[in-house]
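*Asks:* Provided below for reference: sequence and predicted model.
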Amino acid sequence: DEQGTVATAATTEDTEWITSISVGTPAQTLPMDFDTGSSDLWVMGASTSGTSGHTTYNANTSTSAEAMSGATWTISYGDGSSSSGDVYTDVVTIGNLTVSQQAVEVATTLSSEFTSDTALSGLVGLAMSSINTVKPTAQQTWFDNIKSNLASPLFTADLKHGEQGSYNFGYIDSSAYTGSIYYADLVTSSTYAGFWSFVSNGYSVGSNTTTTTGSTAVTGIADTGTTLLMLPDAVVAAYYAEVSSAVDSEQEGGYIFSCDATLPDFTFNVGEGSITVPGEYLNFEAISTGSSSCYGGLQSDSGIGISIFGDVALKAALVVFDSGNSRLGWAAK
Ligand SMILES: O=C(NNC1=NCCC1)c1ccc(Br)cc1
């Protein structure tokens, strides 16, 4: 049984956490975005246009690469970004864990969000293999391929505010959290099939002095690839009702407030417990450099139809993606 851990490094402003993986023989080291909201492992190809300034993967120089003839892929993400290309199999090592014949999807087209992000060479999809986009035959995620070699079929995400985080595969680091891990079963209904989805049966705004609590049940997904916390209108309105300078700005596409506002904490229930997102995590960034108006880390999910517990919420917890028990665990830290 193997156990692996990989360090991640947050880029500036907690917009993504980059983790290096090794692909091919000899190993090609690639900085990647681990994404629990999708299920394709794709990398920028050495001959792909728009990849100048990026580290890229060259299948031609890897003695273990094999083209998957006739296979193609195309994906579009919630933020409007997209990529597509063809498919190889090759050796992929993450931490000290190696999958010998991993489907490595090589991008031949990239949207501007990817060509402009030179910190990134691609994504490692960690949602369910059922939503992998390779045609004619969907491929397994790296986690699904390594799972049987792990002490426990699970991985954890430990993202942090403005500092390095970590992903562990196969075990839960008991020193990485405090108190109990609260679990919620995965939601299996079709809307959420393929994602790490759960139901939170209540929330509260503010610290224990003045709190408004709500019983709105929120069904959402834990998505490391989405930056913000996206919840139903009613919950978001209840939160910003406690921020006197907050307005829902058409122009900015969401709630903004005065950058010197003191923001209340946001607590959401998970199973028998709850997780509190500190108010400071909910001030995402100034709407423009030097502006005194700031954009909220909590925004409405109205356009999406699914609530998303993105990095703003995930970095307040140690999150256990427990495939073996089809459940999601959250613990304070
Ligand atoms: O695309 C999603 N997550 N991953 C990434 N976003 C940007 C790059 C990677 C995503 C997944 C589910 C839902 Br519902 C909305 C969005």
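*Replies:* Perfect, thanks for sending it. Residues are numbered from 1 along each chain as shown.
*Asks:* quick check: chain neighbours aside, which residue is closest to the residue in the stretch 51-200 of the chain positioned nearest to the ligand?
*Replies:* Closest approach between the stretch 51-200 of the chain and the ligand, counting by Cβ to the nearest ligand atom: Gly78, at 2.4 Å. In short, each C-beta sits where N, CA and C put it, glycine included. Beyond its immediate neighbours in the sequence, the residue positioned closest to Gly78 (Cβ to Cβ, 6 or more residues apart in numbering) is Thr226, lying 6.1 Å away.
*Asks:* got the contact list for the one you found?
*Replies:* 37, 78-79, 308, 310-311 (Cβ atoms under 8 Å, 6 or more residues apart in numbering).
*Asks:* buried members of the residues you listed into ChimeraX, please.
*Replies:* Remark: buried members of those, expressed as a ChimeraX selection using 16 or more other Cβ atoms under 10 Å:
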select :37,78,308,310,311
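*Asks:* for the contacts of Thr226, which one is nearest Leu186?
*Replies:* Gly37 (14.0 Å; Cβ to Cβ).
*Asks:* and that closest one, which of the three is it?
*Replies:* coil (DSSP: H, G, I helix; E, B strand; the rest coil).
*Asks:* okay, now the nearest residue to it once chain neighbours are set aside: neighbour count?
*Replies:* Distance criterion Cβ to Cβ, 6+ apart; nearest residue to Gly37, sequence neighbours excluded, is Asp223 at 3.4 Å. Asp223 is flanked by 26 other residues according to other Cβ atoms under 10 Å.
*Asks:* what of Glu113?
*Replies:* Around Glu113 there are 14 residues (other Cβ under 10 Å).
*Asks:* and if you look at Gly70?
*Replies:* The burial count for Gly70: 10, using other Cβ under 10 Å.
*Asks:* that's a strand at it, yeah?
*Replies:* Yes: the assignment for Gly70 is a strand, going by three-state DSSP.
*Asks:* torsion angles phi and psi at the residue lying closest to it once chain neighbours are set aside?
*Replies:* Leaving out its chain neighbours, the residue that sits closest to Gly70 by Cβ to Cβ, 6+ apart is Pro136, at 6.9 Å. Taking degrees, to the nearest 10, you get phi -80, psi -10 for the backbone angles of Pro136.
*Asks:* need the contact list for the residue nearest to Gly37.
*Replies:* 35-37, 195-196, 308-310.
*Asks:* helices along the protein, start to end?
*Replies:* Using DSSP state H, the helices of the chain run over residues 112-115, 142-146, 233-240, 311-314.
*Asks:* including mean pLDDT and distance to Leu328, could those go into CSV?
*Replies:* Putting the helices of the chain into CSV (pLDDT from 0 to 100; distance: least, Cβ to Cβ, whole Å) gives the following:
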stretch, mean pLDDT, distance to Leu328
helix 112-115, 97, 27
helix 142-146, 98, 14
helix 233-240, 97, 19
helix 311-314, 97, 11
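*Asks:* deepest of those helices, which one?
*Replies:* helix 311-314 (a mean of 27; mean count of other Cβ atoms under 10 Å).
*Asks:* roughly how far is stretch 49-68 from the heart of the chain?
*Replies:* How far stretch 49-68 lies from its chain's middle: 24 Å, per Cα atoms, centre = their mean, to the nearest Å.
*Asks:* cool, and stretch 250-266?
*Replies:* 23 Å.
*Asks:* ok, and what's touching that stretch?
*Replies:* Contacts for stretch 250-266 (Cβ under 8 Å, 6+ apart): 203-207, 229, 236, 239-240, 242-249, 276-280, 282-283, 286-287, 291-296, 298-300.
*Asks:* at 7 Å what do you get?
*Replies:* Stretch 250-266 is contacted by residues 203, 205-207, 236, 239-240, 242-243, 245-249, 276-280, 282-283, 286-287, 292-296, 298-300 when judged by Cβ atoms under 7 Å, 6 or more residues apart in numbering.
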